[in-house]
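> here is my input, please return the structure:
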Amino acid sequence: MNVNFPLEETVIKRYSVRNYDDKIIEQEKIKAIEDFIENLDNPFGNKINFHYLDKSHINNEEKLGTYGVIKGASKYIGTTIKLEGMALEALGYEFEALVLYLASIDLGSCWLGGTFDRKGFADAMNIKEGELFPIITPYGYAAPSKHEKEIEMRKMIQADKRKDWGELFFKDDFNTPLSQDEAGQFSFPLEMVRLGPSASNKQPWRIVLKDGDFHFYEYKEPGYSDFFPYDIQRVDMGIAAAHFDFAVKEKTLDGEFKILSNNIELPENIEYVFSWISK
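This next block holds a predicted model:
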């Protein structure tokens with residue numbers, strides 16, 4: 001999948017919007033969003049289902065709670081998957097493509113994985129029993145100012161901060177940090193990964209460059225996914241894959257994602273996920 005917006009500009013422009021203006025979204029934009037979603041795909045091969053909701057069409061809005069996190073939003077998009085293979089990574093990849101696309105057309109969004117009434121939204125979106133319903137986002141025009149809880153949340157998770165290169169990217173093994181100079185033409189894709197969003201801004205991705213290929217690992221935050229029936233940080237790994245993939249394509253660097261056997265000694269709580277192999 002190729003994106004048709006400038007990646008770096010859009011990544012920097014995007015932020016989690018939790019307070020929405022009541023300005024109506026133009027019909028041509030809604031149609032463009034639906035067309036964009038229709039053409040989404042991912043390198044892992046799993047099917048991602050998208051669901052739409054307009055709260056103005058719902059009689060009982062009280063069931064559609066977001067615990068005070070989201071204010072003013074009337075439109076939502078949700079996703080469902082079958083929990084198999086690389087489905088969570090595939091979801092992260094496609095949903096982040098959508099989030100970036102929304103930013104490129106001046107619409108705000110906000111990843112919601114734990115702070116929404118899952119049953120209420122599932123009923124409103126007609127989610128079938130047996131489907132995993134991990135993520136939704138509101139979307140619309142951002143309000144001129146942030147609400148108080150939004151400001152508190154951003155401060156708590158240090159939303160505008162990202163880990164340094166030396167904490168995320170490595171050469172040959174996990175003992176040797178990778179410098180931007182050593183990354184060469186791949187410094188841009190790696191920087192796009194570094195700037196990516198993640199659940200609670202945990203930034204769980206770790207990448208090792210070895211023999212010209214990039215191996216992606218997850219730092220599994222102890223206890224973080226205990227409240228979910230799945231590892232929610234695998235969605236973040238899909239976000240990392242999306243940022244890397246869009247960036248290498250923008251720079252016309254050829255390669256593909258593959259799942260290999262790990263051959264690197266792993267630190268505690270680190271787990272191999274997938275690789276990007278240069279062609």
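
> CA atoms for contacts and neighbours, from now on please.
Fine.

> contacting residues for G108?
For G108, the contact set (C-alpha atoms under 8 Å, 6 or more residues apart in numbering) comprises R14, Y15, S16, V17, Y20, L102, P138, Y139, G140, Y141, A142.

> whoops, I mixed them up, N19
Taking C-alpha under 8 Å, 6+ apart as the test, what N19 contacts is I70, K71, G72, A73, A142, A143, S145, K146, H147, E150.

> please redo it, this time with the cut-off set to 10 Å
69-73, 108-110, 138, 140-150 (C-alpha atoms under 10 Å, 6 or more residues apart in numbering).

> circling back: so which of the contacts of G108 sit within helices?
Taking DSSP state H, the ones among the contacts of G108 that sit in helices are L102.

> of the contacts of G108, which is the nearest to L64?
Distances from L64 to the contacts of G108, taken as C-alpha to C-alpha, are shortest for P138 (11.5 Å).

> bridged to the closest residue to that closest one other than its chain neighbours, which residues?
Counting by C-alpha to C-alpha, 6 or more residues apart in numbering, P138 lies nearest to Y76, which is 4.2 Å off, once chain neighbours are set aside. Under DSSP bridges, the beta-bridge partners of Y76 are L53, P138.

> number of nearby residues for Y76?
For Y76, the neighbour count with other C-alpha atoms under 10 Å is 19.

> check contacts around it.
Neighbouring residues of Y76 by C-alpha under 10 Å, 6+ apart: 51-55, 109-110, 121, 125, 136-140.

> neighbour count, distance to P197 and pLDDT for the residues you listed - can I get that in a markdown table?
As requested, these are arranged in a markdown table below (neighbours: other C-alpha atoms under 10 Å; distance: C-alpha to C-alpha, whole Å; pLDDT from 0 to 100):
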| residue | neighbour count | distance to P197 | pLDDT |
| --- | --- | --- | --- |
| H51 | 15 | 22 | 97 |
| Y52 | 16 | 22 | 96 |
| L53 | 17 | 24 | 95 |
| D54 | 14 | 25 | 93 |
| K55 | 15 | 26 | 89 |
| S109 | 28 | 12 | 97 |
| C110 | 19 | 10 | 96 |
| F121 | 21 | 23 | 93 |
| M125 | 18 | 25 | 94 |
| I136 | 25 | 15 | 97 |
| T137 | 24 | 14 | 97 |
| P138 | 25 | 16 | 97 |
| Y139 | 23 | 16 | 98 |
| G140 | 24 | 19 | 98 |
